[in-house]
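S.K.: Predicted structure and sequence below. I'll ask about it afterward.
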There are 2 protein chains.
Amino acid sequence: MTVTTGGRSTRGGDAGARIAEQLRGRILRGEVPPGTRIRQEDVAAQFGASRVPVREALRILEHDGLVTLVANTGAWVSRLTLAECDEIYQMRERLEPLLLRLSAPHLTEADLDDLQRLAERMSETSDVDEFLELDRAFHLGAYRGATTTQLGELVVKLWNTTQPYRRAYSRSMGADAARIVHDEHHLIVADLRDGDVDDAERVLAGHIRRTRRRLSRHPELFEALQA
Amino acid sequence: MTVTTGGRSTRGGDAGARIAEQLRGRILRGEVPPGTRIRQEDVAAQFGASRVPVREALRILEHDGLVTLVANTGAWVSRLTLAECDEIYQMRERLEPLLLRLSAPHLTEADLDDLQRLAERMSETSDVDEFLELDRAFHLGAYRGATTTQLGELVVKLWNTTQPYRRAYSRSMGADAARIVHDEHHLIVADLRDGDVDDAERVLAGHIRRTRRRLSRHPELFEALQA
DNA sequence: CTAGACCCGATTGCATCCAATCGGAACCCT
DNA sequence: AGGGTTCCGATTGGATGCAATCGGGTCTAG
């Protein structure tokens, strides 16, 4: 499993995929908040293309869950309700332990060292954007050993769609909550070193469940973005 | 969760979605086997449309996992390797019990009666196509109570992509294997009636796992379709 | 003054036309 | 004769232009 921003590998000559990739990046970096309208002509002008590949890009992003299309009306950056976000976290809670199980046997010592370093850097930073990036790199890095085709992509998609809310939540996260997160990260690395996949699965499931519970206590994050 | 063939609801004025819906039906009914090439112009002529909406339809089906696109080359009905199919079943094994858990509390007595009838009809039929249809109706029917947005669609997608192989496998399924399948179906209904969601989850997970194990003993189903 | 219908601008959806790319076949060279 | 190369047809990809649809503003009637 090799992932960068999480999109398909850009196929040569396919402008739609290239445009989708760019737009995806903007959304994930938070430059375009949920609810923002996306006009085809604007995007086309920006990329020096016609509206045809733009529509293909929007279709791609729709199925990535990042954009919502309404026929004859337009496209918007997707918004999640608290219930939908909760649902996605429940899916992650079941799927990511499986993905970790499939990955664990193929992780090298170097991979584990990388994970450890990421976990440590995460404990030290106070910058939200850096934290988000490291967190993503840590978790997806733990899945590097998996040779899956569907599951890996799906997990990335689930991370992507919830990214704006994870960002908003991270800003208001207290030091105590952060401490637990870091401890869990280190626990997972320790389990992987010990070859205790069962416990790694358990810790990871708990890690995701805990985050889900905390998120659901902040409904204002979802209402605030409904502007 | 309300599902018919599993596609998005056809939006008025969106030819791409309508065409996708039709093509999806053909693939799922087995009229177009995996590996078949799909030429844009053929489809366009068949639907009396231009190639533009056809390309949109293909893009939709690509993300449904039913069609594989290669830039500047063409589109084919997707093929799965045994490993990919196994992976999808592992995903189902984790996701469907969750979906059942979310659905169970909202199932009415009438829903349960429907499930029971489906399970019984399934025990009686010997026609493969009817069995497939009933099996699908049973499982997806059990999820009718869930109000999920993402999970339900995903499960339908996983069913759809593995449909051709389930069909091929069903043809060669012995009476003993069928008996176990039917018993598990009835067990699930009984658990749902008892309100024992935990056990229903377990039986369902085992049901899917068993099918996965049996499928993986028939690699010829995947090679045979590589023609 | 408010509720409803109408109309028009803005935007999306689709068809047609042209350009770019790939696969295959014939050809040439070794 | 076999392998590599070059050309060409078939097919996909993208741009332009026109038709269809939706939302907002205005005008009218109650």
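M.R.: Structure received.

S.K.: switch to C-alpha atoms for all contacts and neighbour counts from now on
M.R.: Fine.

S.K.: Compute the number of surrounding residues for the closest residue to A:Pro97 other than its chain neighbours.
M.R.: Nearest non-adjacent residue to A:Pro97, counting by Cα to Cα, 6 or more residues apart in numbering or on different chains: A:Glu201, 4.6 Å away. By other Cα atoms under 10 Å in any protein chain shown, the residues close to A:Glu201 number 22.

S.K.: what does A:Gly74 give?
M.R.: A:Gly74, neighbours per other Cα under 10 Å, totals 12.

S.K.: likewise the one 10 residues further on?
M.R.: Residue neighbour count, defined by other Cα under 10 Å, stands at 17 for A:Glu84.

S.K.: who touches it in this structure?
M.R.: Shown in contact with A:Glu84 (Cα atoms under 8 Å, 6 or more residues apart in numbering or on different chains): B:148-150.

S.K.: before we move on, the earlier item: so the residue nearest to A:Pro97 sits right up against A:Ser103, yeah?
M.R.: No - using Cα atoms under 8 Å, A:Glu201 makes no contact with A:Ser103, being 11.3 Å away.

S.K.: Would you double-check that A:Met173 falls in a strand?
M.R.: No - in this structure, A:Met173 is coil, not part of a strand, as judged by DSSP: H, G, I helix; E, B strand; the rest coil.

S.K.: quick one: it and DNA strand C, what's the gap?
M.R.: 36 Å (Cα to the nearest atom of the strand, to the nearest Å).

S.K.: How many neighbouring residues does that residue have?
M.R.: For A:Met173, using other Cα under 10 Å, the count is 13.

S.K.: Repeat that for A:Leu95.
M.R.: Around A:Leu95 there are 23 residues (other Cα under 10 Å).

S.K.: and if you look at A:Arg59?
M.R.: 24.

S.K.: cool, the one 5 residues further on as well?
M.R.: Per other Cα under 10 Å, the neighbour tally for A:Asp64 reads 22.

S.K.: hang on, the earlier thing: and the helix or strand harbouring the residue nearest to A:Pro97, what's buried?
M.R.: Taking DSSP states H and E as the criterion, A:Glu201 maps to helix A:197-215. For helix A:197-215, burial by neighbour count (16 or more other Cα atoms under 10 Å in any protein chain shown) applies to A:197, A:199-201, A:203-205, A:207-212, A:215.

S.K.: related to what we said a few turns ago, I would like a PyMOL command selecting only the buried ones among the contacts of A:Glu84, please.
M.R.: Only the buried entries of the contacts of A:Glu84 go into this PyMOL selection, using 16+ other Cα under 10 Å:
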select buried, chain B and resi 148
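
S.K.: and A:Leu69, that one's in a helix?
M.R.: No - A:Leu69: not assigned to a helix; according to three-state DSSP it is strand.

S.K.: Now flag whichever of the contacts of A:Glu84 is closest to DNA strand D.
M.R.: The nearest member of those to DNA strand D, counting by Cα to the nearest atom of the strand, is B:Thr149 at 21.8 Å.

S.K.: where does the spatially closest residue to the closest one that is not a sequence neighbour land on pLDDT?
M.R.: Leaving aside its chain neighbours, B:Thr149 sits nearest to A:Glu84 (6.9 Å; criterion: Cα to Cα, 6+ apart). For A:Glu84, the pLDDT comes out at 96.

S.K.: and the gap between A:Glu84 and B:Asp86?
M.R.: As judged by Cα to Cα, to the nearest Å, A:Glu84 and B:Asp86 stand 28 Å apart.

S.K.: which secondary structure element contains the most centrally placed residue in chain A?
M.R.: Geometric centre of chain A, nearest residue: A:Trp159, 2.2 Å, by Cα atoms, centre = their mean. Following DSSP H and E, the helix or strand that holds A:Trp159 is helix A:151-171.

S.K.: and the angle for that helix with helix B:150-171?
M.R.: 170 degrees (axes from the mean of the first three to the mean of the last three Cα atoms, to 10 degrees).

S.K.: tell me what helix A:151-171 is packed against?
M.R.: If you count contacts as 3 or more Cα pairs under 8 Å, 6 or more residues apart in numbering or on different chains; DSSP states H and E, helix A:151-171 packs onto helix A:15-28, helix A:82-103, helix A:128-142, helix A:220-224, helix B:82-103.

S.K.: which is the next helix or strand following the last one?
M.R.: Which is helix B:82-103. Next helix or strand after helix B:82-103 toward the C-terminus (DSSP H and E): helix B:109-124.

S.K.: Give the buried residues for that next one.
M.R.: When burial is assessed from 16+ other Cα under 10 Å, helix B:109-124 yields the following buried residues: B:112, B:114-116, B:118-119, B:122-123.

S.K.: Kindly reformat these as a markdown table containing distance to B:Gln22 and pLDDT.
M.R.: Compiled in a markdown table, these are given as follows (distance: Cα to Cα, whole Å; pLDDT from 0 to 100):
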| residue | distance to B:Gln22 | pLDDT |
| --- | --- | --- |
| B:Leu112 | 31 | 98 |
| B:Asp114 | 27 | 98 |
| B:Leu115 | 27 | 98 |
| B:Gln116 | 30 | 98 |
| B:Leu118 | 26 | 98 |
| B:Ala119 | 28 | 98 |
| B:Met122 | 27 | 96 |
| B:Ser123 | 30 | 94 |
